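Colleague: The sequence isn't on hand, but the structure is:
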C-alpha cells in the first residue's frame, strides 16, 4: 500500500532521502550488454513467430518512457513497436473498452510495448472520474479474462509497474516544468495527480488484487534511480523469455561492378539544403573539415 513515506509498494525511499544513482559507467556498460541480448531476443521472436506484449504502467514521471526508449533503441521498428494511444475519440468511447487495444496486438514475430494500456481504466479514469463506477467494476471483471485469452492464444504477456516516491515525483515534475524540451510531458491531469496521491494508491491496490494473475504477475520496478530501474527491468524481461541464439547466415560485401558510363545529374539542377553545419562550425571557430568531394546520388 502507499504511504507518504514509501510511496507505492516496491518504493524504498522516504521523502527526505534521495536514492543514490548507479555509477554512470557501470550503467552504460551493463545497459549495452543487455541491449545486445534484446537484439538476440528479437531475432529469436522473429524466427520462431512468437508474439510478445509488454505493458508499462505506473505513476506519472515514474520513468516508463525512458525505459521503453532503452528497450527499443537497437531493435527493428518493423518488429518492435511502441503503442501509446491518445485520448479515445467519441466513437471509441462507445466501443468495447478493449477494442482499440486489440488492433495493436502483435502478429507473428512482433513485439508491442504499451506505453500505458488498457490499465488506464484502473488508474487515471477511475481516479479522475472519466469512467463510471459500473464501467470500472466491469473492467475489473473483464481484464483477467481478456489477458488469459491473450495468453491462451500464445501471446507472451509481461506487465511492469514503475514505482516512484512522492518526493521524487515532485522533483521530476519541477524539472519538466523548467525544461522547455520536456515541458510537453506535463499536463494538468499529471499535476493533479500530486493532490490525489492516495486515491491513485488505492486504485492501484484494488487493480493489483484483481489483475495480479499467477500466469501474468505485476513486476514492480522501484524507479527513484532511473538507471537502476532501466537495467533491472530489462534484465528481468530477458530472464522471462526463453529465447535462444539464432544462427545468422554469413554476409559478404559484394564487389561494386565497373561503371557503365552513367553521368551524374548536373548539381545546378538540384536543390541542396543550406550548409548549416558549416555555418555553425565557422561561428564556433572550428570550420567543418570536408572530405574530397565524391560523386553522390
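Modeller: Perfect, thanks for sending it. Treat the numbers as computed from the prediction; the structure is a model and nothing was measured. Numbering: from 1, shown residues only.

Colleague: Can you list the buried residues in the helix or strand containing residue 148?
Modeller: Here residue 148, judged by DSSP states H and E, is contained in helix 133-152. For helix 133-152, a neighbour-count test (16 or more other CB atoms under 10 Å) marks 136, 139, 140, 142, 143, 146, 147, 150 as buried. Heads up, the C-betas are built off the backbone N, CA and C, glycines and all.

Colleague: Show me how far it is from its chain's centre.
Modeller: Its chain's C-alpha centre and that of helix 133-152 lie 23 Å apart, by CA atoms, centre = their mean, to the nearest Å.

Colleague: same question, stretch 60-70
Modeller: Centre-to-centre, stretch 60-70 and its host chain are 6 Å apart (CA atoms, centre = their mean).

Colleague: what do you get for stretch 266-273?
Modeller: How far stretch 266-273 lies from its chain's middle: 41 Å, per CA atoms, centre = their mean.

Colleague: ditto for stretch 158-177
Modeller: When C-alpha coordinates are averaged (CA atoms, centre = their mean), stretch 158-177 and its chain have centres 15 Å apart.

Colleague: contacting residues around the helix holding residue 148?
Modeller: By CB atoms under 8 Å, 6 or more residues apart in numbering, the list of residues contacting helix 133-152 from outside reads 53, 97-98, 105, 118-119, 121-122, 125-126, 131, 157, 206-207, 210-211, 213, 215-216.

Colleague: Grab the longest helix from this structure for me.
Modeller: helix 24-48 (DSSP state H).

Colleague: got a list of contacts for that one?
Modeller: Helix 24-48 has contacts (CB under 8 Å, 6+ apart) with 50-52, 70-71, 73-76, 79-80, 109-111, 227-228, 230-231, 234-235, 238, 241, 243-246, 248.

Colleague: Pretty sure residue 185 sits against residue 177.
Modeller: No - if you go by CB atoms under 8 Å, residue 185 and residue 177 don't touch, sitting 9.7 Å apart.

Colleague: Noted, bye for now.
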